[in-house]
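Enquirer: Below is the structure, and that's it, no one-letter string:
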């Protein structure tokens, strides 16, 4: 019998104290490696591009956003003693999974369930494990041998279905790309940038045209801030045209602005070029401009020969402006008091967000009124719809505060598990 082991009372072989000490040291070294910031290694390359970027370029930008900024070669990785994140060069990985990989050592991300088709791994077990995972990521086998002790999971098994930044619930993607599926992967990436709680126009009308415009402008160097700047110019153009009573032409400019408002955000996300300034610029314009459009519309009715009586015009604009501000205040109260955006509390709240009296649904009302030849009635209808929505928001907020007081913190319905397809 080896001097390093002795029988236990149960007749089993167990390590001696010196062997146990060596194992403990190994565990300590492994824990220390897990605490180190991992480096990134892209395995192989791909000849396709996604919105003007190679998969490797996308992955480098994605991991940089979660603090993994050092990139090493495959050869360097094969001799690296610290933690390494290995990713296939033809992989497209959703940002929540990038975050998950960075935070979970000794984990292998697979495209499918049962460990089939590994696409990335966070390895801390030393050179032998790193080389074994490198082989697994580059082999043609869909179920290659993997290091013992490393757990694996597919996107639908990881409980990362709620993405708070976009207020949505969906299974993230981990895909491999080639020339046969590049368009499908691009579309999946693009749709993955959409918010879960948004208006009906943004959700159902703009996706297809916005995808093609984004796909066209991304490779030619047009930045999201350039698109936002054009949108800001359209805000001014629409205001001036409404003020003159040129409602149809003003609506063209207004709808173009709302379309560009979709494109700039999607362009920033698919090219991973969003910035704090761009976010402030975009959201600042979104927040400020709608009331000025309604004021210009009301004043422009006189130029179009459809002026409302002065008291009626004043109260119409007061109701629209006041209702707009109060709805925003209620949303702020919900976030402050409940720690939750009110539009993602229950499914009905998310559905109500699609039609609530915000810019795009209001533009639908105004467009219909111009088609009917009664832009004056359109403005009054916007005022009425704003007050109806304000009352509904008040009921919604009162219900949420009551439930939170009785039952504790609210949880969004989007946090419930999603069954992977």
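Expert: Nice, thanks for sending it over. Worth saying up front: this structure is predicted, and the values here are computed from it rather than measured.
Enquirer: Show the contacting residues for residue 215.
Expert: Taking CB atoms under 8 Å, 6 or more residues apart in numbering, we find residue 215 in contact with 51, 186, 190. Placement of C-beta: from N, CA and C, glycine included.
Enquirer: The first one contacts residue 187, doesn't it?
Expert: Meaning residue 51. No: checked against CB atoms under 8 Å, the pair residue 51 and residue 187 is beyond contact range at 11.0 Å.
Enquirer: Of the two, which one has the most company?
Expert: Between residue 51 and residue 187, counted using other CB atoms under 10 Å, residue 51 has the larger neighbour count: 21 against 14.
Enquirer: The more buried one and residue 272, how far apart?
Expert: Separation of residue 51 from residue 272 (CB to CB, to the nearest Å): 9 Å.
Enquirer: ok, back up a step: would you format the contacts of residue 215 as JSON lines with distance to residue 412 and pLDDT included?
Expert: What follows is these, written out as JSON lines (distance: CB to CB, whole Å; pLDDT from 0 to 100):
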{"residue": "51", "distance to residue 412": "30", "pLDDT": "95"}
{"residue": "186", "distance to residue 412": "29", "pLDDT": "96"}
{"residue": "190", "distance to residue 412": "24", "pLDDT": "96"}
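Enquirer: so residue 175 sits in a strand?
Expert: Yes: applying DSSP: H, G, I helix; E, B strand; the rest coil, one finds residue 175 inside a strand.
Enquirer: Quick check: bridge partners of it?
Expert: Applying DSSP bridges to residue 175 yields these beta-bridge partners: residue 92.
Enquirer: which residues touch it?
Expert: Residue 175 touches 91, 92, 93, 111, 119, 181, 185, 188, counting by CB under 8 Å, 6+ apart.
Enquirer: Determine how far the last residue of stretch 146-154 lies from the first.
Expert: 15 Å (CA to CA, to the nearest Å).
Enquirer: mean confidence score for that stretch?
Expert: On average, the pLDDT along stretch 146-154 is 83.
Enquirer: in this protein, which spans are strands?
Expert: 5-7, 13-15, 39-43, 71-72, 84-88, 91-93, 107-110, 118-123, 151-153, 162-163, 168-169, 174-176 (DSSP state E).
Enquirer: neighbours around the closest residue to residue 100 other than its chain neighbours, how many?
Expert: Nearest residue to residue 100 in three dimensions, chain neighbours excluded: residue 160, at 5.6 Å (CB to CB, 6 or more residues apart in numbering). Counted with other CB under 10 Å, residues neighbouring residue 160 total 17.
Enquirer: Buried ones in the lengthiest helix in the chain, by neighbour count?
Expert: Ranked by residue count under DSSP state H, the longest helix found in the chain is helix 375-407. Residues 375-376, 378-387, 389-390, 393, 396-397, 400, 404 are the ones in helix 375-407 that count as buried (16 or more other CB atoms under 10 Å).
Enquirer: residues of stretch 183-200 that come out buried?
Expert: Those buried within stretch 183-200 under the rule 16+ other CB under 10 Å are 185, 186, 189, 190, 192, 193, 194, 195, 196, 197, 198, 199.
Enquirer: mind checking how far the first one is from residue 118?
Expert: Here the distance between residue 185 and residue 118 works out to 18 Å (CB to CB).
Enquirer: Ok, the last one next?
Expert: In this structure, residue 199 and residue 118 are 40 Å apart, going by CB to CB.
Enquirer: Let me know whether residue 360 touches residue 203 as I believe.
Expert: No: using CB under 8 Å, residue 360 is not in contact with residue 203; the gap is 9.6 Å.
Enquirer: I appreciate the help and will end here.
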